[in-house]
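Asks: okay, structure incoming, though there's no sequence with it:
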């Protein structure tokens, strides 16, 4: 009998498909993580909370995978978005709540470290690590603005801005997300002549 990776006693979870019904791995990279107990425990974690009224990380990921389908994403970009969606929030359960949620103890950095076991593609890794940074920069006082120095430092670390923005749009498309930070971020990019998209 396989162990329950959630530790909840709710039964064995053997693959992502047990937590995200109706889906299956589409690439070798997805197949590599599909049965990883670390990812499975992370997907099973969560309850309804601010920004994530859907509850578990798996439910959020299901929403993202369905959006990728609805948007008609294909080929390499589809593969990239799917992998990022699977991993980006899946290490929240490993964040130490008694320590500051920054640096190596931030869920996105933990997700990056996890993903580094499977890929060295900096475009994917940077998107996973930095996916919440525009929101965090936007919410700092004065709210709704971006600190020039911090924003520039973040942008210097993003090798594929189109992938990054597309994932922000995807992640921000779900219920409970405030669209304002993404809109303002794209305005900042346009002002820097880094973004001409919608």
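Replies: Yep, that arrived. What you are looking at is a predicted structure, and each value in this text was computed from that prediction instead of being measured.

Asks: list the buried residues of stretch 15-31.
Replies: 15-16, 18-20, 23, 25, 29-30 (16 or more other CB atoms under 10 Å). Using the backbone N, CA and C atoms, a C-beta is placed for each residue, glycine as well.

Asks: residue 92 is in contact with residue 107, isn't it?
Replies: Yes: the pair residue 92 / residue 107 is scored as a contact, 4.3 Å apart, by CB atoms under 8 Å.

Asks: identify the contacts common to these two.
Replies: Residues touching both residue 92 and residue 107 (CB atoms under 8 Å, 6 or more residues apart in numbering): none.

Asks: please enumerate the strands of this structure.
Replies: Ranges of strands in the chain, per DSSP state E: none exist.

Asks: so what's the most centrally placed residue in the chain up against?
Replies: Most central in the chain under CA atoms, centre = their mean is residue 88, positioned 2.8 Å from the mean C-alpha point. Applying CB under 8 Å, 6+ apart to residue 88 gives the contacts 108, 111, 127-128, 131, 167, 171.

Asks: for residue 111, same thing?
Replies: 87-91, 128-129.

Asks: would TSV of those residues with distance to residue 184 and pLDDT be doable?
Replies: TSV is the format used below for the contacts of residue 111 (distance: CB to CB, whole Å; pLDDT from 0 to 100):
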residue	distance to residue 184	pLDDT
87	26	97
88	21	96
89	22	94
90	27	95
91	27	95
128	22	98
129	21	97
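
Asks: just among those, which is most surrounded?
Replies: residue 90 (31 neighbours; other CB atoms under 10 Å).

Asks: distance of the residue nearest to residue 21 when sequence neighbours are not counted from residue 19?
Replies: With CB to CB, 6 or more residues apart in numbering as the criterion, residue 21 has its nearest non-adjacent residue at 7.8 Å, and that residue is residue 62. Distance of residue 62 to residue 19, given as CB to CB, to the nearest Å: 8 Å.

Asks: next: residue 183.
Replies: Counting by CB to CB - residue 183 and residue 19 are separated by 31 Å.

Asks: can you check residue 95 too?
Replies: 19 Å.

Asks: now do stretch 72-79: everything it contacts.
Replies: Outside stretch 72-79, the residues within contact range by CB under 8 Å, 6+ apart are 26-27, 29-30, 68, 81, 163, 166.

Asks: ok, back up a step: most widely separated two among the contacts of residue 111?
Replies: Maximum pairwise distance in the contacts of residue 111, criterion CB to CB, is 13.3 Å, between 90 and 129.

Asks: ok, and what's touching stretch 25-32?
Replies: With CB under 8 Å, 6+ apart, stretch 25-32 has contacts from 16, 34, 78-79, 82-83, 86, 118-119.

Asks: hmm, back to that, pipe the buried residues of stretch 15-31 into JSON lines and attach pLDDT and distance to residue 143 per row.
Replies: Below are the buried residues of stretch 15-31 laid out as JSON lines (pLDDT from 0 to 100; distance: CB to CB, whole Å):
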{"residue": "15", "pLDDT": "92", "distance to residue 143": "41"}
{"residue": "16", "pLDDT": "95", "distance to residue 143": "36"}
{"residue": "18", "pLDDT": "94", "distance to residue 143": "40"}
{"residue": "19", "pLDDT": "94", "distance to residue 143": "35"}
{"residue": "20", "pLDDT": "93", "distance to residue 143": "34"}
{"residue": "23", "pLDDT": "92", "distance to residue 143": "37"}
{"residue": "25", "pLDDT": "96", "distance to residue 143": "40"}
{"residue": "29", "pLDDT": "95", "distance to residue 143": "38"}
{"residue": "30", "pLDDT": "96", "distance to residue 143": "37"}
